[in-house]
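Enquirer: The sequence and its predicted three-dimensional model are supplied below.
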Amino acid sequence: MGLPVVHFEIVGADPAALRAFYGELFDWDFDLGDASTPVVSRPGEYGFVNGGANPAPGDGAGSINGGVAGGTGFQPRVLFYVGVPDVEAALRKAESLGGTRRMGPEPEGAAPGAFVVGHFADPEGNVIGLAGSA
């Protein structure tokens, strides 16, 4: 298998209401905090979902981690992140294959080896996240 999906995000203008909805629907618990960058969510409004605490039905295994976040001015979206060794290199590769860089690496100016994220749109316009090192 290739690189894994490591994280998901559900973003909207009212993250508290989204957390209430998904918490009730899927029995998710959230730990509030900050996203890796305020470009992703309003500070203090990132509700982390621990995948290991939410086992998949029937097999006892955990699932990927995620977050429900956003705030005023954030457009609704559902996004998944693929873990990569170098976010900048992956963004450049996506661009070379016909994709379009949308964000990142963020936070800007991160030290080499620091955790960063990026977004790109594929040739059809689907936005995908990347998570890994600067």
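Expert: Structure's in. What do you need? Numbers count the residues shown, from 1 in each chain.

Enquirer: C-alpha only now, for contacts and for neighbours.
Expert: Fine.

Enquirer: The lowest-mean-pLDDT helix or strand in the chain pairs with which strands, parallel or anti?
Expert: Across the helices and strands of the chain, mean pLDDT, DSSP states H and E gives its lowest value to strand 31-33, namely a mean of 88. Under the criterion DSSP bridges, strand 31-33 sits next to strand 46-49 (antiparallel) in its sheet.

Enquirer: can you list the residues that contact the partner strand?
Expert: 15, 19, 28-35, 65-70 (C-alpha atoms under 8 Å, 6 or more residues apart in numbering).

Enquirer: Rounded mean pLDDT for the next helix or strand after that strand, please.
Expert: Downstream of strand 46-49, the first helix or strand assigned by DSSP states H and E is strand 65-70. Across strand 65-70, pLDDT averages out at 93.

Enquirer: The helix or strand just after strand 65-70 pairs with which strands, and in what direction?
Expert: Next along the chain after strand 65-70, taking DSSP H and E as the criterion, comes strand 77-84. Strand 77-84 sits in its sheet next to strand 5-12 (antiparallel), strand 127-133 (parallel), going by DSSP bridges.

Enquirer: and the longest helix for the chain?
Expert: Scanning the chain for the helix with the most residues, using DSSP state H, yields helix 15-26.

Enquirer: Which neighbouring elements make contact with that one?
Expert: Counting contacts by 3 or more C-alpha pairs under 8 Å, 6 or more residues apart in numbering; DSSP states H and E, helix 15-26 packs against strand 65-70.

Enquirer: Run through the chain and note the low-pLDDT ranges.
Expert: Counting by pLDDT under 70, the chain has low-confidence residues at 52-62.

Enquirer: Would you agree residue 127 is in contact with residue 121?
Expert: Yes: using C-alpha atoms under 8 Å, residue 127 is in contact with residue 121, at 4.3 Å.

Enquirer: ok, back up a step: quick check: angle from the longest helix of the chain to strand 65-70?
Expert: 140 degrees (axes from the mean of the first three to the mean of the last three C-alpha atoms, to 10 degrees).
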